[in-house]
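Undergrad: Structure, please.
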Amino acid sequence: MIFHYRCLGLLWGILAMVTRINQVQAAQVPPNVPLAKQQQLVMNNGVEVQTLDPHKTTGWPEANVMRDLLEGLVVMDPEGKTAPGVASYWQHSADLKTWTFYLRHDAKWSNGDPVTARDFVYSWRRLADPKTKAPKASYLMDMHLLNSQAVIQGQLPAEKLGVSALDQHTLQLQLTQPVAYLVDMLVYYPLFPVHAPTVEQYGNGVDDNKWYAVKHHVGNGAYRLTEWVVNEKLVLSRSPTYWNNPQTVINRVTYLPTNDEVVDTRRYLAGEIDISNARLPIERWEHLQQERPKEIYLAPSWSTYIFELNQAMKQFQDSRVRQALSLVLDRQQLVSKLTRQRETPAYTLNPVGMGGFSAPLPEWATWSQSRRNQEAKRLLKQAGYDEQHPLKFRLLFNVSEVHQQICLAVIGQWQQQLGCVQVNLDCQEWKVFLLSRLDGEFQMCRNGQQAVYSEPSALLNIYLSYSSENSTRYRSEAFDRIMAQAVQATDRQQRYRYYQQAEQQLAKDVPIIPLFHCVNVRLVKPYVKGLSPRNPMNTIYTKDLYLIQHKQLPSRYRQ
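TA: Residues are numbered from 1 along each chain as shown. Just a heads-up that it's a prediction; the model follows:
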């Protein structure tokens, strides 16, 4: 019987090799399409990145750049589906607890070194090592990688982590229980490999002497780091050592850190920027729809705009307070009167219908707004808050005109409907904001949760008690138990039933207040090709893009 299962695993691996190799992704240029002579792309990334170390950040802007500089075992195609990366194919045991990945022999680092299975072993051990203090270390526990919890907690050495190199090009993972969607999880940037000799030599350096500084950086992605002027630009150039470089078209990509949406749009309209950031100024939306309808890129998004409530703070230790603040918000008014970019009101963490999953709405979502307001006032009164004893707290957000407008609108609803809520805004620059959120140095903060793989657990796992990303300090045995049962479920529909229960538990406990489900919306020049309007994962790989012939407007970011 053991031999039979091994044969099945081998057969699966052979089939995977045939089907996956056909899915290799790169720029897909149709025949007879004239390409621009100057293949240089300028994108606004929204902020100055906190770091380019995949084990040291939690930010989406950082991930945008690292996807170009580093490549994991798998990548996402333009439609958000998993495709081969460094691993050309893989197989698993019959019980889904042992996964074996076969690495490309032509995968190389930008300095010419071969990318090996040992690079992944080193990188994942570094991620798990408590000395690294990686904010996303618990993702290994979400994968149920053998000994991940014990290693992260310092109870076992990193060498005991369930990842091993069988030979130079064969990586094996050992799980404690089956995870049917494991391959999809491997697209996440904390699992990207880092070049061990470079990290070991410069890992403790700072400023221009850190391992990911321009003069030191060694990556294995389609691009290499060539210039970095803080708060001005970050420039990447095509890497000649990348295994799929012959199919890459864009020669140079420049990321800008403009956090003002109005300035971002102005620079786009002036021709300086080819792709805007993923937020457009609210006041310009209708005008842009009328004047530039063909340049508005809209795609579904597996993401939700939320407020997180820090339950370590006395204001939010009472669930009645948290529930009241959520109940009173008129989400439909927010999306129809304020944001107006096709967002939908959110009453759950996961968007309804995304990936075939339908999160059950809380009962109160069907109530009239007046009934919800009355119930919110009653709950606050029970919790001891009224006009003589107001609820006071600070709301943290990062620098952005859009975020500020949303926060002000929500505060307005609280004050108008409840009367006994006093909120002060706390605005921080991106890097400081990330640290404050990670360290729990806030009372309430705005956040946007984007699924990193196409499964409801991608968002739900964030609020597990052990999660290093759970900045709310939410601890629920019931929620943890439901999510543990979901992983053990034998089929997708059974898993989804558990996820529905998990959403109901979140709605009951209210560690977060969902406001609206987002859409991917940007301004994109008509000559930029390779983006898909069907990608819900908000991921862009520059290697998948190309520029067709066009009249090039001058930009100081193009050579």
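Undergrad: what's the neighbour count on Gln28?
TA: Burial of Gln28 is recorded as 13 neighbouring residues (other Cβ atoms under 10 Å). In short, each C-beta sits where N, CA and C put it, glycine included.
Undergrad: Number the chain from 6, please
TA: Yes, from this point I'll number from 6; that puts the last item at Gln33.
Undergrad: Now it: closest residue in space that isn't a chain neighbour?
TA: Gly535 (7.1 Å; Cβ to Cβ, 6 or more residues apart in numbering).
Undergrad: Do I have it right that the one you found meets Val38?
TA: No: assessed by Cβ atoms under 8 Å, Gly535 is found out of contact with Val38, at 11.3 Å.
Undergrad: more crowded one of those two?
TA: For Gly535 versus Val38, neighbours defined as other Cβ under 10 Å are more numerous around Gly535 (20 against 10).
Undergrad: where does this structure dip in pLDDT?
TA: 6-30 (pLDDT under 70).
Undergrad: Identify the residues contacting the residue nearest to Gln33.
TA: Neighbour list for Gly535: 32-33, 83, 549-551 [criterion: Cβ atoms under 8 Å, 6 or more residues apart in numbering].
Undergrad: could you dump those residues to TSV with secondary structure and distance to Gly417?
TA: As requested, the contacts of Gly535 are arranged in TSV below (DSSP: H, G, I helix; E, B strand; the rest coil; distance: Cβ to Cβ, whole Å):
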residue	secondary structure	distance to Gly417
Ala32	coil	46
Gln33	coil	47
Pro83	coil	40
Asp549	helix	42
Leu550	coil	41
Tyr551	strand	45
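Undergrad: Phi and psi next, for Gln45.
TA: Backbone torsions for Gln45, taken as degrees, to the nearest 10, come to phi -130, psi 120.
Undergrad: Please apply the same query to Ala92.
TA: Dihedral angles (degrees, to the nearest 10) for Ala92: phi -80, psi 120.
Undergrad: burial of it, as a residue count?
TA: Neighbours of Ala92 (other Cβ under 10 Å): 26.
Undergrad: so it touches Ala112, yeah?
TA: No: the pair Ala92 / Ala112 is not scored as a contact, 9.1 Å apart, by Cβ under 8 Å.
Undergrad: so which pair among the contacts of Gly535 is furthest apart in space?
TA: Longest distance between any two of the contacts of Gly535 is 11.7 Å, between Pro83 and Tyr551; criterion Cβ to Cβ.
Undergrad: in the stretch 356-505 of the chain, which spans are strands?
TA: 396-403, 426-433, 449-455 (DSSP state E, counting those that start in this stretch).
Undergrad: For Thr263, see how far away the residue of the chain most remote from its centre is.
TA: Within the chain, the residue lying farthest from the chain centre (Cα atoms, centre = their mean) is Gln393, at 42.3 Å. In this structure, Gln393 and Thr263 are 46 Å apart, going by Cβ to Cβ, to the nearest Å.
Undergrad: Likewise for Met48?
TA: Note on Met48: its distance to Thr263, by Cβ to Cβ, is 10 Å.
Undergrad: coming back round to it: between Pro83 and Tyr551, which is the more surrounded one?
TA: Tyr551 (23 against 20).
Undergrad: Can you tell me the strand partners of the host helix or strand of Tyr260 and which way each runs?
TA: Per DSSP states H and E: Tyr260 is located in strand 257-261. Sheet pairing for strand 257-261, assigned by DSSP bridges, gives strand 45-49 (parallel), strand 238-243 (antiparallel).
Undergrad: what's downstream of it, the next helix or strand?
TA: Strand 257-261 is succeeded, C-terminally, by helix 266-274 (DSSP H and E).
Undergrad: Quick one: list the elements packing against that next one.
TA: When contacts are defined as 3 or more Cβ pairs under 8 Å, 6 or more residues apart in numbering; DSSP states H and E, helix 266-274 sits against strand 45-49, helix 406-423.
Undergrad: Let me have the ones you listed in TSV, adding distance to Asp444 and mean neighbour count as columns.
TA: Compiled in TSV, these are given as follows (distance: least, Cβ to Cβ, whole Å; neighbours: other Cβ atoms under 10 Å):
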stretch	distance to Asp444	mean neighbour count
strand 45-49	28	24
helix 406-423	20	18
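Undergrad: Can you lay out the ones you listed as JSON lines showing distance to Asn452?
TA: Output for these, formatted as JSON lines (distance: least, Cβ to Cβ, whole Å):
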{"stretch": "strand 45-49", "distance to Asn452": "21"}
{"stretch": "helix 406-423", "distance to Asn452": "10"}
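Undergrad: residue contacts, the closest residue to Met48 other than its chain neighbours?
TA: Take Met48 and drop its neighbours on the chain: the residue closest to it by Cβ to Cβ, 6+ apart is Ile280, 4.4 Å away. Counting by Cβ under 8 Å, 6+ apart, Ile280 makes contact with 46-49, 302, 527-530, 533, 545.
Undergrad: returning to what we had before: can you convert the strands paired with strand 257-261 into CSV and add a column each for distance to Ser473?
TA: As requested, the strands paired with strand 257-261 are arranged in CSV below (distance: least, Cβ to Cβ, whole Å):
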stretch, distance to Ser473
strand 45-49, 29
strand 238-243, 26
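Undergrad: ok, how many other residues are close to the nearest residue to Phe438 once chain neighbours are set aside?
TA: What sits nearest to Phe438 in space, not counting adjacent residues and going by Cβ to Cβ, 6+ apart, is Asn403, at 3.9 Å. Neighbour count for Asn403, taken as other Cβ under 10 Å: 23.
Undergrad: Is Asn403 bridged to anything, and to what?
TA: For Asn403, the beta-bridge partners are Gln433 (DSSP bridges).
Undergrad: isn't it right up against Lys436?
TA: No: in this structure, Asn403 is not within contact of Lys436 by Cβ under 8 Å, at 9.2 Å.
Undergrad: circling back to that earlier point, which residues are contacting the strand holding Tyr260?
TA: With Cβ under 8 Å, 6+ apart as the criterion, strand 257-261 contacts 44-50, 54, 69-70, 73, 228, 237-243, 272, 278, 547, 562-564.
Undergrad: just the angle between it and helix 266-274, please?
TA: With axes from the mean of the first three to the mean of the last three Cα atoms, to 10 degrees applied, the angle from strand 257-261 to helix 266-274 works out at 150 degrees.
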